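>>> one predicted model, sequence on top.
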There are 2 protein chains.
Amino acid sequence: MSAVPTEPRYQRRKEDRPKEIAEAAFEVFAEKGYAAARVDEVAKRAGVSKGLTYLYFKTKEELFKAVIRGVVVRRIDSLIDEVDSTELTAEAFLRGPMVAFMQRIPGSRISIVLRLLIAEGHRHPDLLEYYYENVVGRGLAMLRRFLERGIETGEFRRTAVNDMPQLIVAPMLLSAIWKMVFVKRSLDTDRLIEAHMDMILEHIKA
Amino acid sequence: MSAVPTEPRYQRRKEDRPKEIAEAAFEVFAEKGYAAARVDEVAKRAGVSKGLTYLYFKTKEELFKAVIRGVVVRRIDSLIDEVDSTELTAEAFLRGPMVAFMQRIPGSRISIVLRLLIAEGHRHPDLLEYYYENVVGRGLAMLRRFLERGIETGEFRRTAVNDMPQLIVAPMLLSAIWKMVFVKRSLDTDRLIEAHMDMILEHIKA
DNA sequence: CACCTTAATGACTCAATGGTCAGTAAAGTG
DNA sequence: CACTTTACTGACCATTGAGTCATTAAGGTG
């Protein structure tokens, strides 16, 4: 009655733990929102004690911020790079990579971040700042540059869209929200976004 | 040392109390969201004890639902009536009353309801149902009818917008959200909505 | 003005939850 | 294998906040 090699009660995995906890936290925040999310549940999903969560993240709020920032929208970066190096005509770029990008947003993690920011943003102004600086602002600036270039090459004419590139992405926003809110009322968001792009192009082409 | 007529500690106002409490609740929910809102604070703002709140509303959740439903969007009704009785050409109607309506949404109470529904909707499916049935669904149906009529009179041609009238209101949604989220980053939402309507019309006119 | 109904209060309960920390044991290290 | 370090646990605490209810008194009624 001895030497039964009891398996260890836990493993020490300093490296991976923060990621795992953040991942679990993302899920819980996504489902419940910030206020209704329970740190205990985050820990449970990460397969970890609540105490450990507090070893890696000082407070619930810090965990939240880390999680939101963690969805580091590299996608925007790659799109921006693509814009600046593409060989396509402006129109082809909009119809191709740009539309594809916009179609990917609804249903993605970014939508969820979006929802969280809409819901709780004003209580975390630094998060909003971060998100505007790194995503929204840069995205819009990129669109403006792109349109400007289109005008220089004679493809586009100058319209109100130049000042308000939000006009280009509005249906993407609507699609993202629609899919999250009216889950059951289906909406062909791909088609919506494409149709809108047709309209935009018709409007801005020289 | 007597007969000092002590003023009553409270007044009984059975009629008005529910409204006042609901009004206060709307404020608090608007600021904090559902989960972070405190019934105590609602009572305080309504100038009432917490107990009274529970006399008129069984639970916090019921209070929430009552409040959301309370923003009974009669505005949509009056717009629908207007659509059906207007003497204007379809184009004039879109440029006039329709744009005016859309411009009023950002900054209005409806935006706030919208935010609350985006944030907490999936945990109150009956609320979503209600809101879709009474606002979103009816609004979209109205737009579809309107466009159809425009086609019949020869003003409009048939386009993707007929199937997806969401295309018409997307910038309104963006505007509403932008104003709530990026309070400091100003955006001329009136102009945005108008410019978008120009584009729509250019696209759908026969 | 005595009496009654009930609107309104506010002190209370109890479960839940963010956060702490003393202790445990996993994985080195020499 | 003894010794050390520290990742990790889990029991614990203090607080908060939804919901209750015995009590009070406003205001009507006869």
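The structure has been received and is ready for your questions.
>>> which residues does stretch A:148-167 contact?
Outside stretch A:148-167, the residues that touch it by C-beta atoms under 8 Å, 6 or more residues apart in numbering or on different chains are A:89-91, A:140, A:143-144, A:147, A:168, A:200, A:203-206, B:171, B:174, B:178, B:187-188, B:191-192, B:195-196, B:198-199. The way it works is simple: take the backbone N, C-alpha and C, and place the C-beta from them, glycine included.
>>> among those, which are in helices?
A:90-91, A:140, A:143-144, A:147, A:168, A:200, A:203-204, B:171, B:174, B:178, B:191-192, B:195-196, B:198-199 (DSSP state H).
>>> PyMOL command to pick out the buried ones of those?
PyMOL command restricting the ones in helices among the contacts of stretch A:148-167 to the buried ones, with burial defined by 16 or more other C-beta atoms under 10 Å in any protein chain shown:
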select buried, (chain A and resi 90+140+143+147+168+200+203+204) or (chain B and resi 171+174+178+192+195+196+199)
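>>> packing partners for the strand or helix carrying A:Asp84?
If you go by DSSP states H and E, A:Asp84 is part of helix A:74-85. When contacts are defined as 3 or more C-beta pairs under 8 Å, 6 or more residues apart in numbering or on different chains; DSSP states H and E, helix A:74-85 sits against helix A:99-104, helix A:137-152.
>>> in TSV, list these along with mean pLDDT and distance to DNA strand C.
What follows is the helices and strands packed on helix A:74-85, written out as TSV (pLDDT from 0 to 100; distance: least, C-beta to the nearest atom of the strand, whole Å):
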stretch	mean pLDDT	distance to DNA strand C
helix A:99-104	97	32
helix A:137-152	96	30
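>>> before we move on, back to that, got the buried residues for the helix holding A:Asp84?
A:75-76, A:79-80, A:82-83.
>>> list the contacts of that helix.
A:93, A:97-98, A:101, A:104, A:110, A:134-135, A:138-139, A:142, A:145-146.
>>> mind redoing it with 7 Å?
A:97, A:101, A:135, A:138-139, A:142, A:146 (C-beta atoms under 7 Å, 6 or more residues apart in numbering or on different chains).
>>> would you check which pair of those residues lies furthest apart?
Using C-beta to C-beta, the two most remote members of the contacts of helix A:74-85 are A:Pro97 and A:Val135, lying 17.4 Å apart.
>>> the two: which has the busier surroundings?
Shown here are A:Pro97 and A:Val135; by other C-beta atoms under 10 Å in any protein chain shown, A:Val135 has more neighbours (20 against 16).
>>> what sits against the residue lying closest to A:Glu202 once chain neighbours are set aside?
In this structure, A:Glu202 finds its nearest non-sequential neighbour in B:His203, 6.1 Å apart by C-beta to C-beta, 6 or more residues apart in numbering or on different chains. Counting by C-beta under 7 Å, 6+ apart, B:His203 touches A:199, A:202, B:159.
>>> spell out which parts of chain A neighbour DNA strand D.
Within chain A, the residues that sit near DNA strand D (C-beta under 7 Å from any atom of the strand) are A:9-14, A:17, A:47-52, A:55.
>>> pull out the buried residues from those residues.
Buried among the residues of chain A next to DNA strand D (16+ other C-beta under 10 Å): A:17, A:48, A:52.
>>> looking at the residues you listed, spot the one nearest DNA strand C.
Distance to DNA strand C across those (C-beta to the nearest atom of the strand) is lowest for A:Leu52, with 7.9 Å.
>>> which SS state does that closest one fall under?
helix (DSSP: H, G, I helix; E, B strand; the rest coil).
>>> domain-wise, how is chain A divided?
A:11-58, A:61-204 (automatic domain parsing).
>>> can you give the distance of the longest one from its chain's centre?
To tie it back to what came earlier, the one meant is domain A:61-204. Domain A:61-204 sits 9 Å away from the centroid of its parent chain (C-alpha atoms, centre = their mean, to the nearest Å).
>>> quick one: end-to-end distance for it.
44 Å (C-alpha to C-alpha, to the nearest Å).
>>> what's stretch A:53-60 in contact with?
With contact meaning C-beta under 7 Å, 6+ apart, stretch A:53-60 is reached by A:17-18, A:21, A:39, A:42-43, A:63, A:66.
>>> if we go to 8 Å?
Residues contacting stretch A:53-60 (C-beta under 8 Å, 6+ apart): A:17-18, A:21, A:37, A:39, A:42-43, A:46, A:63, A:66.
>>> biggest separation within those, which pair?
A:Arg17 and A:Ala37 (18.7 Å).
>>> between the contacts of helix A:74-85, which is closest to A:Arg115?
Using C-beta to C-beta, A:Val135 is the member of the contacts of helix A:74-85 that lies nearest A:Arg115, at 14.3 Å.
>>> any residue of the helix ranked longest in chain A touching chain B?
As assigned by DSSP H, the longest helix anywhere in chain A is helix A:17-36. Yes. Judged by C-beta under 8 Å from any C-beta of the partner chain, helix A:17-36 comes into contact with chain B through A:32-36.
>>> any chance of TSV for those, columns pLDDT and distance to B:Phe182?
Shown next, in TSV, are the residues of helix A:17-36 next to chain B (pLDDT from 0 to 100; distance: C-beta to C-beta, whole Å):
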residue	pLDDT	distance to B:Phe182
A:Lys32	97	25
A:Gly33	96	20
A:Tyr34	97	19
A:Ala35	96	22
A:Ala36	96	25
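>>> A:Gly107 against A:Val183, yeah?
No. Applying C-beta atoms under 8 Å, one finds A:Gly107 not in contact with A:Val183, separated by 10.6 Å.
>>> so how far is B:Lys65 from the residue most central in space within chain A?
Centroid-nearest residue in chain A: A:Ile110, 2.0 Å away (criterion: C-alpha atoms, centre = their mean). Distance, A:Ile110 to B:Lys65, by C-beta to C-beta, to the nearest Å: 30 Å.
>>> for the nearest residue to A:Arg95 once chain neighbours are set aside, the count of nearby residues, please.
Leaving aside its chain neighbours, A:Arg95 sits nearest to A:Met197 (6.3 Å; criterion: C-beta to C-beta, 6+ apart). A:Met197: 19 surrounding residues under other C-beta under 10 Å.
>>> pLDDT of stretch A:179-196, averaged?
On average, the pLDDT along stretch A:179-196 is 97.
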